[in-house]
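K.L.:
Give the three-dimensional model of this entry:
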Amino acid sequence: MRRLFVGLSLILVAPQGLAGQQGGGIEGQVVARLSHLPIPGAVVELAEPHLTAVVDSGGRFGFPGLAAGTYLLQIRAIGYAEAAWRLRVTDGRVLQHVFDLEPLVVKLPPVLVQGQKAEFGRRFADFERRRAGKMGFFITRQDIERLNASTLADVLVTARGVTLDCSGGTCIARMSRAARGCEPQYFIDGVESTPYFARNTPPHDVLGLEIYRGPSELPAEFTGSNSGCGVIVIWTKASP
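P.N.:
Numbering: from 1, shown residues only. Model prediction:
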């Protein structure tokens, strides 16, 4: 986009030492149109005679000692549309002006990025391996969300071979084949945990559950201090 101004009515200033002499000059500042901030490094050219100037850090430049006449001034800067002005210089005076450039708007073709959200991270690789082995009972995040349960016990009771013991006023999940009073061993994110802490894990914080109802189903990595009564493994969102 180029702009052409003919016969600009600009302020004429007679600087000290130039008044009374033949010739004049052009002084200016190059700024961005929207922000009005200077554009350092912009290149300013006069077509005839061919003169070039690079603006300073303040966006300023000057062409002194010009003969009276009409000049075509062109300005280029990276990221801005090139523009041009036609200016008239008179003897003994310096034409001063602020030249604003229009930022270039580059339209890029749309880019579509598709990806598949990983259901389980690296720490769940073994979870999926064990689930494929069909030993034990597995509850996934989708199962938990579908149940919309308020307690972990309400989720665990959906597993085959798990029952709720509510005799003490609080419902506790136990294995149906376990002896009375024999509580399952809990693991949270692969680390052995106390039953009280594990039972109070909010269901919405759980990504997956593994339930092993007896020693015949139990993987070696979940052999704990009380694993003979069954094992419940909780995988949470909080773990990396």
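K.L.:
Could you report the distance from the nearest residue to residue 175 once chain neighbours are set aside to residue 176?
P.N.:
Of all residues not flanking residue 175 in the chain, residue 230 sits nearest, at 3.7 Å (C-beta to C-beta, 6 or more residues apart in numbering). All C-beta spots, glycine's among them, are computed from the backbone N, C-alpha and C. Residue 230 sits 9 Å away from residue 176, going by C-beta to C-beta, to the nearest Å.
K.L.:
The two: which has the busier surroundings?
P.N.:
Between residue 230 and residue 176, residue 230 has the larger neighbour count (other C-beta atoms under 10 Å), namely 27 against 11.
K.L.:
if we can go back for a sec, identify the contacts common to residue 230 and residue 176.
P.N.:
Residues touching both residue 230 and residue 176 by C-beta atoms under 8 Å, 6 or more residues apart in numbering: residue 213.
K.L.:
residue contacts, the residue nearest to residue 175?
P.N.:
Residue 230 touches 174, 175, 177, 178, 184, 185, 211, 212, 213, 214, counting by C-beta under 8 Å, 6+ apart.
K.L.:
Make a markdown table out of the residues you listed and add pLDDT and distance to residue 226.
P.N.:
Output for the contacts of residue 230, formatted as a markdown table (pLDDT from 0 to 100; distance: C-beta to C-beta, whole Å):
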| residue | pLDDT | distance to residue 226 |
| --- | --- | --- |
| 174 | 89 | 12 |
| 175 | 90 | 11 |
| 177 | 84 | 15 |
| 178 | 83 | 10 |
| 184 | 91 | 7 |
| 185 | 91 | 4 |
| 211 | 93 | 15 |
| 212 | 93 | 12 |
| 213 | 89 | 14 |
| 214 | 85 | 13 |
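K.L.:
And those residues, which of them are buried?
P.N.:
Buried members of the contacts of residue 230, counted by 16 or more other C-beta atoms under 10 Å: 174, 175, 178, 184, 185, 211, 212, 213, 214.
K.L.:
where does the protein dip in pLDDT?
P.N.:
Across the chain, the ranges flagged by pLDDT under 70 are 1-22, 115-123, 239-240.
K.L.:
what residues go with each domain of it?
P.N.:
Listed by automatic domain parsing, the domain ranges of the chain are 12-101, 122-236.
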